[in-house]
Each structure stands twice: as structure tokens, then as C-alpha cells.
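Q: I'll drop the sequence and a predicted model, then ask my questions.
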Amino acid sequence: MKFEHKATIPAPIDQVWAFLMDVPKVATCAPGVDSVEPLGDDRYRGTIKVAVGPIKLALQGDVSITEKDDAAKKASMRADAADKRAGGAVKAVMSMALTQTPGNPNSTELLMETDAQVMGRIGEFGQPIIRKKAEQTMNEFAKNLQQAIAAGR
Amino acid sequence: MREFDFHPATSTAEALDLLGRYGDDAHFMAGGTSLMLMMQQGLVQPGHVVGLRNIRELRGVRSVPGGGLEIGATTTHREVERAKETSAYCPTLAENFSRIATVRIRNQATIGGNLVHADPAQDPPPMLLALDAEAVVASKSGERAIPIDGFFEDFFQTAVREGELLTAVRFPRLPDGVLTTYVKFLPRTEDDYATVSVAAALKLGTDGRCEHVRVALGSAGPTPIRAHQVEDALSGKQITPQAIDDAAELVREEVDPIDDVRGSARYKREMARVWTSRALRGLLERSNGRQGG
Amino acid sequence: MSTHELRFTLNGEPRQVSVPAHRRLIDLIREDLALTGTKEGCSVGVCGACTVIVDGNTMSACLLPATYVDGATVTTIEGLSPEGGPLTPLQDAFIRHGGFQCGICTPGQIMAATALLAENPHPTVDEVKRWMMGNLCRCTGYYKIVESIMAAAEVSAPVPIPAGAAGLSGPTHRIAGS
């Protein structure tokens, strides 16, 4: 599944970049993530809880930053998470790019592209619903990100 | 299937007690059609299943003095379909229930289970929306009524909270002379969910103006959809085929369908318009036919 | 994991069994009680091959927990006619009119049609099709199934679902080859 999300963040590009590279802070913008633990080497471990009605998943996994370009303000991450009890797993690759909003140095455009695969039994359950749910999660993530950066956290 | 403890409850109080005792490790089972499937697929794995089938007070179709209808949550679809009280209240409601799946499913599955399962492709929800029904929900602290318009929050998610049990569905008295319809646009076989479905109610005054209108759609979004914009466009207006078609155009913005085996989102959006129009035009014809003699 | 004592009537005879909560009715019937006439086709309640009759109503045995039948009257295909004895008019019609080929869906077809004729002894073709649409068949194309049911409807007086049929009811009786 491929997704694309764009968000306008009311903050200068350097501030947004600094926030994004703070993975523990960024991770908690994702709904269902309580905390992540740094493992060193740009790798982090955490759990994301997702629910589709009565179906509740706790996906445990690792996130690693695979590419970081401070000058161009681009980064890529990969995430591998599984819920052994429910028999499902998610693999995702995400790339982020920042550009200054044309004509406004206090505003930044964020572009996120995600390629995710849902596998196992949860993957068999209504692919369209999973897609919708993943979109909802990404939308909320983008919104929380905007708010967190704007609040100067 | 993961092993579980089964607790057949014999009263609402007992069911709520068991729910309180086991918390979110417990799941209610009425007919069991949806729950059995989800448990076999490993999607839900409760340690405790509380059986509702033996709770007599939760079963039955009753006419309400004043012209309404009340259906107990563990009444099977087939019982709803066949009850004379259902046809007396609204024949289209009986027909709507008769369109669910196969007779075997209708013999086992229940109206309450259907509502809390909250798959937006199911048949009853749009009909219940068109009839202004409400869900009655009980908890240890009492009872509350939730209008069906607002009951569904997301895929497989409803306004029923932890510690609550759906006990009945109530229907208000219908406006005298209102006409109702349920149309189910099926992609493949008769026992399937719809590509899109429309439930509608319409009452015209003698001057041809719309006195009452309801339009609701199934399989058209993460929840069943009440098409408020379509209704607003028709309410109080002279109803003509053109007025209907213009209003039906608005449904395209109100639906949010997904791509799946029953159609692409784009196709479903267009079919939502087509079938909203057809449903309302059908009601207009019946209304004119009736007035013509 | 809880265990439950079930008391129910099966093909006219009282039965008592002990099952774990998660046992499906189809497994109770086929494995525990060795009545293999009821077939498992899709496992999700769609195909109708596992149609049984519980308290007069057709249901999918693959979707029912065994605990569902506590206190109930259950009929499987084996219960429609006595072993070695005469077939029902419906079963006879299926043979005469070619209502089956491989036979895997046939027990379910006959159970469904038996329930139909018990409720509506003289259905129209449309009524037959509407009722039977939940029983899938890969061989016949359905024409002969409908024909068999219509033929049976013509010859018989209303046949209630047999409650006291002396059919197979336990592991001591096995149909050769099943």
C-alpha cells in the first residue's frame, strides 16, 4: 500500500527538521504510540496499538532511520512490527522531505511517502479497511505533528 | 480457535455482571455468526464469551402503543422478517431483513449482533436510519437510548461503551401515509453484501411538496450514511423527477466508499447517485399512483 | 477453557455429550458423533454443505458453537430416513431427476429443501430458487436440483421434519465408505 501525505507546518524549516529527527518525540505523534526506546545507531523500539472495532492489535517493532540528509532536509525510515498474538505484521518504508513554503520562511511543507505491507492474518482481513485505517492513522499523525511543532514542544 | 470460557447468561443483569467481571477479555455472543468467524480467523481472541441467547427478555418483536415498534436485541433476523408486527409497522422493514444473506444466517444472526458488528455493508442499518430508530443500551448504571444516526462511529465501531449491552431497537411511529423503500444493488450473488444500498422514506402533501424525507445508504462509507444534504434539498420542495435527480447528485459528496471486490470507490460513488435517484423516483411514482386512485 | 454438558435430541434420539466451549457443531457431529453426512465446504457459512436443522430452522453447522444446541432438537441428513428403509419423497425425487452428481453438496441441498417443503409444501419455482440460493453446487448448474424439489412438492403431502426417524445416531453405525 502506498500513501502520500502533505502537511503545512507553521514553523521554520530548521525547527521542523530538528523536531523530525528527534524520533522519540515524533513517534509519540502517531496515535497509539506511548513511547519508543532508543537502541543506538538511529534505531528505536516501540509498540503501536491499533484498533479496528473489536480487533485490537499491539504491533511491537523497530524503527530505524536509514537515510538522513541534513542539507537537503530529507530522511528515510523503515519500520518492522508484528503482533504475534494476532498473527500479523507490518513492514513500512517512509520517506520525508521538507521544503520551505514559498514566500514564507516561517512555514514549511512536509511531504511523507509511505509504502506499507500488512501481512499475516490481519493482512487477510479486508485490505480496503486496513488501507482506510492506515490513512486515518497517517492523517492523525500529520495533524499531531503540526500541533506539536507549532506548540514548540 | 483460541480456547475460551463460555458463560451462558440468563438475564441482562447476569450478562452485565459477567462483563464487569472479565472486562475487555470478555465478548458477548448472541447468534454467533460474526463472532465465530472472527474467532476462527484469530482476529478477536476473548478469554471469556458471554452468551446472550438464553435471555428471554431480550428477544421478541413488539408493537408499541401509539404506533411504534420495539425489537429485542437477540431477536433473529428471520424472526424480525416474519413477525406480523414488523409488517404491520412497515412492510419494507420486513423486506429489508429478508434480504440479509441466506435463510441459514437469518435463522442464527440477530438484530443486536448486526448493529454492534457495525459492518457498513450490512442491510439493516440504512433501513433503521431511514426509520429514525434508536438503540437501547443498558449498563449497571441504567439505560440510555442512542439514535441510530450517530450510533455508528467507524468500521466495526459503535457508540456502545465498555460495560454496556445493547438490549433493544426502538422505532417511532411513522408519519401517516409515508412510503418507504429499500433497494439493494448487488454485484454478484443474492446472498452477498451490496455494492451500494439505499433506504428511503418519502411523504408528499396533497400539493406535491415534500413533508417528510429520509435517505440512507449502506456500503457507502466507513459507516452507514444518512444523506442529510439530499434530504435538505428535497424537504419542503415540490418533488419532481428532476428535483430528485438534482438532489441525488449531492449524495456523491456525502459518501466515502472504499475500493473492494464489489466495486471501485469511483463506481460506488456514481452508483450511490444512481440508486438514490431510483429509490426516490420509485417512491414518487408510488405516491402519484396512490393519489391518482 | 470451560466444558459444557449438552442435552439435546439428535435425529429423534436423546443425546448427552460433553464439549469444550470452542467446539463447533460440525465437529461435534462429524468427529465426536461420527455422522459424516454433513459436509464441511467453505467453513464460513456460505456454501450450505453443512446445513443442519435446529428446532425447525436450517443453520450452518460450521458457524454454530456446539453449545448452541443444548436443549434443542437437531436433525442431520442421516435423520431424514431410516437406515436401509424408504427414502423420503424428496430424496427419491433427487435420484429420479438427477438432482446430484458428485454428491458433496447434496446432503445440504436435501436438508434445505426438506425445511422448505415443511414450511411451504407447494412452492413456486421462484420461491424454491430464493430459498435454495444459499446452497451452492459446482456440478449440476442447479436446474435439476430445482426440478427435483418441484417434483417432490407435487407428489407429497406436507412432510414435517422427522423428529422420531429411526436414523443413524451414533458411532456404532457407520455408512460404508463415508
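A: That came through fine.
Q: which single residue of the stretch 51-200 of chain B ends up nearest chain C?
A: B:T102 (2.8 Å; Cβ to the nearest Cβ). Bear in mind the C-beta positions are built from the backbone N, C-alpha and C, glycine included.
Q: which residue is the nearest non-sequential neighbour of that residue?
A: Nearest residue to B:T102, sequence neighbours excluded (Cβ to Cβ, 6 or more residues apart in numbering or on different chains): C:G134, at 2.8 Å.
Q: pLDDT score for the residue in chain A that chain B sits nearest to?
A: Ranked by Cβ to the nearest Cβ, the top residue of chain A for proximity to chain B is A:G53, at 2.5 Å. Predicted confidence (pLDDT) for A:G53: 83.
Q: which residues does the residue nearest to it when sequence neighbours are not counted contact?
A: Excluding its sequence neighbours, the residue lying closest to A:G53 (Cβ to Cβ, 6+ apart) is B:F156, at 2.5 Å. With contact taken as Cβ atoms under 8 Å, 6 or more residues apart in numbering or on different chains, B:F156 is in contact with A:V52, A:G53, A:P54, A:I55, B:H117, B:A118, B:D119.
Q: torsion angles phi and psi at B:F156?
A: phi 60, psi 20 (degrees, to the nearest 10).
Q: ranges for the helices of chain C?
A: Using DSSP state H, the helices assigned to chain C run over residues C:25-27, C:89-96, C:106-119, C:125-132, C:143-155.
Q: out of these, which is closest to A:T108?
A: Closest to A:T108 of the helices of chain C, according to Cβ to Cβ: helix C:25-27, at 59.6 Å.
Q: outside of that closest one, which residues touch it?
A: By Cβ under 8 Å, 6+ apart, the residues outside helix C:25-27 that reach it are C:T38, C:E40, C:C50, C:V52, C:A61, C:C62, C:L64, C:P65, C:A66, C:Y68, C:V69.
Q: got the buried residues for it?
A: By neighbour count, and taking 16 or more other Cβ atoms under 10 Å in any protein chain shown as the criterion, the buried residues in helix C:25-27 are C:L25, C:I26, C:D27.
Q: repeat for stretch A:60-74
A: Neighbour-count burial for stretch A:60-74, counted by 16+ other Cβ under 10 Å, picks out A:G61, A:V63, A:S64, A:I65, A:K73, A:K74.
Q: just give me the closest of the contacts of helix C:25-27 to chain B.
A: Nearest to chain B out of the contacts of helix C:25-27 is C:P65 (Cβ to the nearest Cβ; 5.9 Å).
Q: distance from the chain centre to the lowest-mean-pLDDT helix or strand in chain A, please.
A: None of the helices or strands of chain A scores lower by mean pLDDT, DSSP states H and E than helix A:121-124, at a mean of 72. Put simply, helix A:121-124 sits 21 Å off its chain's centre (Cα atoms, centre = their mean, to the nearest Å).
Q: buried sites along that helix?
A: If you call a residue buried by 16+ other Cβ under 10 Å, then helix A:121-124 has these buried ones: A:I122.
Q: list the helices and strands that helix packs on?
A: Here helix A:121-124 touches strand A:88-100, going by 3 or more Cβ pairs under 8 Å, 6 or more residues apart in numbering or on different chains; DSSP states H and E.
Q: buried residues of the strand it packs on, list them for me.
A: Across strand A:88-100, burial judged by 16+ other Cβ under 10 Å covers A:G88, A:A89, A:V90, A:A92, A:M94, A:S95, A:M96, A:L98, A:Q100.
Q: so what's the closest residue to the fourth one other than its chain neighbours up against?
A: Just to be clear, that refers to A:A92. In space, and not counting its chain neighbours, A:A92 is closest to A:A116: 4.0 Å by Cβ to Cβ, 6+ apart. Contacts for A:A116 were tallied using Cβ under 8 Å, 6+ apart; they are A:M1, A:K2, A:F3, A:V90, A:K91, A:A92, A:V93, A:A134.
Q: please identify the helix or strand for A:A116.
A: strand A:108-120 (DSSP states H and E).
Q: now the angle between strand A:88-100 and that strand, please.
A: With axes from the mean of the first three to the mean of the last three Cα atoms, to 10 degrees defining the directions, strand A:108-120 sits at 170 degrees from strand A:88-100.
Q: what about residue 53, how many neighbours?
A: Unless you meant another one, I'm taking chain A. Using other Cβ atoms under 10 Å in any protein chain shown, A:G53 has 19 other residues around it.
Q: ah, I was thinking of chain C
A: Considering only other Cβ under 10 Å, C:I53 is surrounded by 24 other residues.
Q: for it, give its distance to C:G37.
A: Counting by Cβ to Cβ, to the nearest Å, the separation of C:I53 from C:G37 is 13 Å.
Q: all helices for the stretch 1-150 of chain B, in order.
A: Shown for the stretch 1-150 of chain B, the helices assigned by DSSP state H, counting those that start in this stretch span residues B:12-22, B:33-40, B:77-82, B:84-89, B:91-98, B:103-108, B:111-117, B:124-130.
Q: would a markdown table of these with mean pLDDT, distance to chain A and mean neighbour count be doable?
A: Output for those, formatted as a markdown table (pLDDT from 0 to 100; distance: least, Cβ to the nearest Cβ, whole Å; neighbours: other Cβ atoms under 10 Å in any protein chain shown):
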| stretch | mean pLDDT | distance to chain A | mean neighbour count |
| --- | --- | --- | --- |
| helix B:12-22 | 97 | 14 | 17 |
| helix B:33-40 | 94 | 7 | 21 |
| helix B:77-82 | 98 | 20 | 22 |
| helix B:84-89 | 98 | 28 | 17 |
| helix B:91-98 | 98 | 22 | 21 |
| helix B:103-108 | 98 | 19 | 26 |
| helix B:111-117 | 98 | 8 | 24 |
| helix B:124-130 | 98 | 14 | 29 |
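Q: now tabulate these in CSV and tack on distance to C:A93.
A: Formatted as CSV, the helices of the stretch 1-150 of chain B follow (distance: least, Cβ to Cβ, whole Å):
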stretch, distance to C:A93
helix B:12-22, 46
helix B:33-40, 31
helix B:77-82, 26
helix B:84-89, 33
helix B:91-98, 27
helix B:103-108, 21
helix B:111-117, 36
helix B:124-130, 36
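Q: quick one: closest of those to C:A113.
A: With Cβ to Cβ as the criterion, C:A113 lies closest to helix B:103-108 of those, at 11.8 Å.
Q: what parts of the stretch 51-200 of chain B come near chain C?
A: Applying Cβ under 8 Å from any Cβ of the partner chain, one finds that the stretch 51-200 of chain B approaches chain C through B:51, B:53, B:78, B:101-105, B:107-108, B:189-191.
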